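[1] The amino acid sequence is not available; the structure is as follows:
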């Protein structure tokens, strides 16, 4: 029953000036909350986006939602009034302003929308003194391509005015209440944040088989939403649809500051969950954590952590038990720093395997062209062609489907096939790609530049053949990618040091944090001798790690004795 607003809103044109610091990446724009709250910072960016979208925006339908962080509700009202003023016909908004990033992608695709605006800073902390972010997804459901984000940035440098519906003429809309409100020809519909996504998950997975697994007395599990948006999806899917008890839900109430935590699903920030699965007497067979906006995931078994690079490889190798992929995979893709485990599965399946720069848009191009079905990156992102974002809940359902396929037919007396059993079985078939990532966060930018400079010197001087202990350097390069679909070239994506035994380390400088630089080292060594499979990555990769730290002079330049996060 639409709630009509009996008058049309009046549109104001507000004079403004360009504001520094609005460079937009495909992950959008992330800054401290105080930056977005100040002056015209948010309206300037939104108007620059709307101007970049051009004539197609008028009369279109968009979706708006976010991860529940502080400032989302205030921002949603500004965006809504600006959408009305800029000729948008309809705006769908998630109840309470909540929508996971994967759900936004699903909604855009299902409802054939022009695009979507996501209020998220992903896995960065939230709250008044922390981060806020915003990004735009296009009509395919994927992150805005660089061709669009470049125009947004150009517009931020020349903006002179923004359009917004006046507060007094615009209806008050209660985001808690489902339903339609109209203001003149503009319509806002508050929608159930889970429904469209749930329907899609039922198309991808065999829910009855997962339900049978969850009912198995030998199986118990927990999911940790880290106080992010995934909490409402977890409750609806795992409890209401699949029959698990409420006890499986940890930190599943979305909170504006993520319960004071850092909603990043890794061993450091989800340490309590890791500890729970590693208690000597734990009855838990499975655990998972999600990040703030629900696109990342961490998978744990009883006393076992699944490396994200292995996770995507195991899902690909077991694709046949998931209805959506039962007829086979078109191909697979991984980000360059991700281990080669997925490529080994592709070899065996005789399908294409792509190595792409970090950034989900590269996978999206391959999916849109029908070249890949499953993809992933080492930074806890796994996904498939069902949407155009990485998808945490999808990854967890994929693991539950694999566990169901290994256990549902067993007799009472048979031992339960665990997550660890499944991964070890995978190693026995494909060998093990030992992998670790070291993150040095909020490093002084000058010190970070020195680290990169000393390594770049090795590249420009072509220092192949140099040795460190048993290691002998075969090649160094700076990864670049020519997109096989649109021909675009992406350069300087990370320095790769590849040794004669095919082990490697990769170094990347990242700017997704809102202060300082992050230096990331990725280490990988392949081992097909089963005697080594139970060693830790630290043991197998020690010489490689020592080599990287020595050559980069990281400790000397940054003063950091240890990484902030080890994956």
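    That came through fine. Just so you know, these numbers come straight off a predicted model, no measurement behind them.

[2] Only C-alpha atoms from now on, for both contacts and neighbour counts.
    OK.

[3] Would you indicate which residues of stretch 417-435 are buried?
    Neighbour counts over stretch 417-435 (16 or more other Cα atoms under 10 Å) mark 417-420, 422-424, 426-427, 430-435 as buried.

[4] any idea which element residue 233 lies in?
    Assigned by DSSP states H and E, residue 233 belongs to helix 230-234.

[5] quick one: strands adjacent to the following helix or strand past that helix?
    Downstream of helix 230-234, the first helix or strand assigned by DSSP H and E is strand 249-250. If you go by DSSP bridges, strand 249-250 pairs up with strand 221-224 (parallel).

[6] what sits up against the strand it pairs with?
    Outside strand 221-224, the residues within contact range by Cα atoms under 8 Å, 6 or more residues apart in numbering are 231, 234, 247-252, 273, 284-290.

[7] which two in those residues are spaced the farthest apart?
    Pairwise distances across the contacts of strand 221-224 (Cα to Cα) peak at 20.4 Å, for the pair 231 and 285.

[8] that older thread, counting neighbours, which of the contacts of strand 221-224 comes out on top?
    Counting neighbours by other Cα atoms under 10 Å, residue 290 leads these with 32 neighbours.

[9] Residue 446: how many residues sit nearby?
    By other Cα under 10 Å, the residues close to residue 446 number 12.

[10] Specify the local secondary structure of it.
    Secondary structure assignment for residue 446 (DSSP: H, G, I helix; E, B strand; the rest coil): helix.

[11] Please apply the same query to residue 68.
    What three-state DSSP gives for residue 68 is coil.

[12] that older thread, so what does the helix holding residue 233 touch, helix or strand wise?
    If you count contacts as 3 or more Cα pairs under 8 Å, 6 or more residues apart in numbering; DSSP states H and E, helix 230-234 packs onto no helix or strand.

[13] Contacts for that helix next, please.
    Under Cα under 8 Å, 6+ apart, the answer for helix 230-234 is 100, 194, 223-225, 249, 251-254, 290-294, 393.

[14] ok, those residues vs residue 25, which is closest?
    Nearest to residue 25 among the contacts of helix 230-234 is residue 293, at 17.2 Å by Cα to Cα.

[15] pretty sure that closest one is touching residue 98, no?
    No: contact criterion Cα atoms under 8 Å: residue 293 and residue 98 do not qualify, at 9.3 Å.

[16] shared neighbours of these two, anything?
    66, 67, 229.

[17] returning to that earlier point: among the buried residues of stretch 417-435, which lie within helices?
    Counted as lying in helices by DSSP state H, out of those, are 419, 420, 422, 423, 424, 426, 427, 430.

[18] Touching, the second one and residue 302? I think so.
    What that stands for is residue 420. Yes: assessed by Cα under 8 Å, residue 420 is found in contact with residue 302 at 7.3 Å.

[19] Need the per-residue pLDDT for residue 464.
    Looking at residue 464, its pLDDT is 88.

[20] ok, now how distant is it from residue 541?
    Separation of residue 464 from residue 541 (Cα to Cα, to the nearest Å): 20 Å.

[21] got it, and residue 75?
    46 Å.

[22] Those two: which is more packed in?
    residue 541 (20 against 17).

[23] Make sure the more buried one is actually in contact with residue 527.
    No: applying Cα under 8 Å, one finds residue 541 not in contact with residue 527, separated by 11.0 Å.

[24] which neighbours do those two share?
    Going by Cα under 8 Å, 6+ apart, residues that sit against residue 541 and also against residue 527 are residue 434.

[25] what ranges do the helices span in the stretch 51-200 of the chain?
    All helices of the stretch 51-200 of the chain, identified by DSSP state H, counting those that start in this stretch, fall at 72-85, 101-111, 146-156, 195-204.

[26] For the last one, the averaged confidence score.
    Throughout helix 195-204, pLDDT has a mean value of 98.

[27] Partner strands of the host helix or strand of residue 298 and their direction?
    If you go by DSSP H and E, residue 298 is part of strand 297-301. Sheet pairing for strand 297-301, assigned by DSSP bridges, gives strand 286-290 (antiparallel), strand 304-306 (antiparallel).

[28] tell me the mean pLDDT for it?
    98.

[29] Show me the contact partners of that strand.
    Applying Cα under 8 Å, 6+ apart, the external contacts of strand 297-301 come out as 265-266, 274, 277, 284-291, 305-308, 311, 380-382, 391-393, 395-396, 418-420.

[30] Would you confirm that residue 79 contacts residue 45?
    No: counting by Cα under 8 Å, residue 79 does not reach residue 45; the two are 10.3 Å apart.

[31] quick one, which of the two is more surrounded?
    Neighbours per residue, other Cα under 10 Å: of residue 79 and residue 45, the larger number sits with residue 45, 25 against 21.

[32] mind listing what that one touches?
    Neighbouring residues of residue 45 by Cα under 8 Å, 6+ apart: 22, 152, 156.

[33] what's the answer for residue 336, then?
    Residue 336 neighbours (Cα under 8 Å, 6+ apart): 355, 356, 357, 358.

[34] pLDDT for the contacts of residue 45 - can I get that in TSV?
    As requested, the contacts of residue 45 are arranged in TSV below (pLDDT from 0 to 100):
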residue	pLDDT
22	95
152	97
156	97
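
[35] any idea which of those residues is closest to residue 498?
    residue 22 (36.6 Å).

[36] ok, that closest one - how many residues close by?
    A count of nearby residues for residue 22, using other Cα under 10 Å, gives 22.

[37] Relative to residue 364, how far out is it?
    To residue 364, residue 22 is 25 Å away according to Cα to Cα.

[38] Same question for residue 131.
    Look at residue 131 and residue 364: by Cα to Cα, they are 27 Å apart.

[39] what does residue 477 give?
    25 Å.

[40] Looking at the two now, which is surrounded by more residues?
    More neighbours surround residue 364 than the other of residue 477 and residue 364, with 24 against 18 (other Cα under 10 Å).

[41] Surely that one is within a helix?
    Yes: assessed with three-state DSSP, residue 364 lies in a helix.

[42] quick one: it and residue 142 touch, right?
    Yes: contact criterion Cα under 8 Å: residue 364 and residue 142 qualify, at 6.5 Å.
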